[in-house]
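Q: fold the following and give me the result.
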Amino acid sequence: MSKLTQEMLDEMKKQGVFSFATASKDGVPNVVPVGMLIAGDDGKIWLVDNFLNKTLANLKENPKAAFYIWNPEAKESYQIKGTVTIENSGADYEKAVAFAHAKRETLPAKNLVKMDVEEIYYVTPGPNAGKKL
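A: Reported below is the predicted structural model:
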């Protein structure tokens, strides 16, 4: 398992919207913009599921997912890959609901998607592009 550095976590806080990619069990890709992707207290990446219909269906069939960290001011950009679990009860789920409702009370916060980070790659253009950290 790989771990995000503090620099990566800081860049995540600046990003706002992330492209989150999944694939069905047959390998059909899906990518969606998500705004509630944060570093969890447990060292995993948390994604609050408000409207993840096809994404959630894909994750139930195939728990592999990816996203990237990028913003215009960042020195480096990274692709993050891992395996997810889905929770809809418990203390962490309640924290995720509170986080979503602090942003907007009407958000449904149906599930908490937790990603174990397994691989990190550079995606900044240049000689390190595509290299695994």
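Q: and the helices in this protein?
A: In the chain, helices defined by DSSP state H lie at 6-15, 53-61, 91-103, listed in chain order.
Q: for burial, what's the neighbour tally of residue 64?
A: When counting by other CB atoms under 10 Å, one arrives at 15 neighbours for residue 64. Placement of C-beta: from N, CA and C, glycine included.
Q: can you list the buried residues in the biggest strand by length in the chain?
A: Longest strand of the chain, by residue count under DSSP state E: strand 111-122. For strand 111-122, the neighbour count (16 or more other CB atoms under 10 Å) marks 111, 112, 113, 114, 115, 117, 120, 121, 122 as buried.
Q: can you check stretch 52-62 too?
A: Neighbour-count burial for stretch 52-62, with 16+ other CB under 10 Å as criterion, is recorded at 52, 55, 56, 58, 59, 62.
Q: and the closest residue to the last one other than its chain neighbours, how many neighbours does it have?
A: This means residue 62. Once flanking residues are discounted, residue 62 sits nearest to residue 25: 5.0 Å by CB to CB, 6 or more residues apart in numbering. By other CB under 10 Å, the residues close to residue 25 number 10.
Q: how close does residue 25 sit to residue 99?
A: Distance from residue 25 to residue 99, counting by CB to CB, to the nearest Å: 30 Å.
Q: go on, residue 70?
A: Counting by CB to CB, the gap from residue 70 to residue 99 is 22 Å.
Q: cool, and residue 74?
A: Applying CB to CB, one obtains 23 Å for the distance of residue 74 from residue 99.
Q: do the same with residue 127
A: Relative to residue 99, residue 127 is positioned 38 Å away (CB to CB).
Q: kindly report the same for residue 107.
A: Per CB to CB, residue 107 is found 10 Å from residue 99.
Q: overlap of the contact sets of these two?
A: residue 48 (CB atoms under 8 Å, 6 or more residues apart in numbering).
Q: could I get the average pLDDT for stretch 17-25?
A: What stretch 17-25 shows for mean pLDDT is 97.
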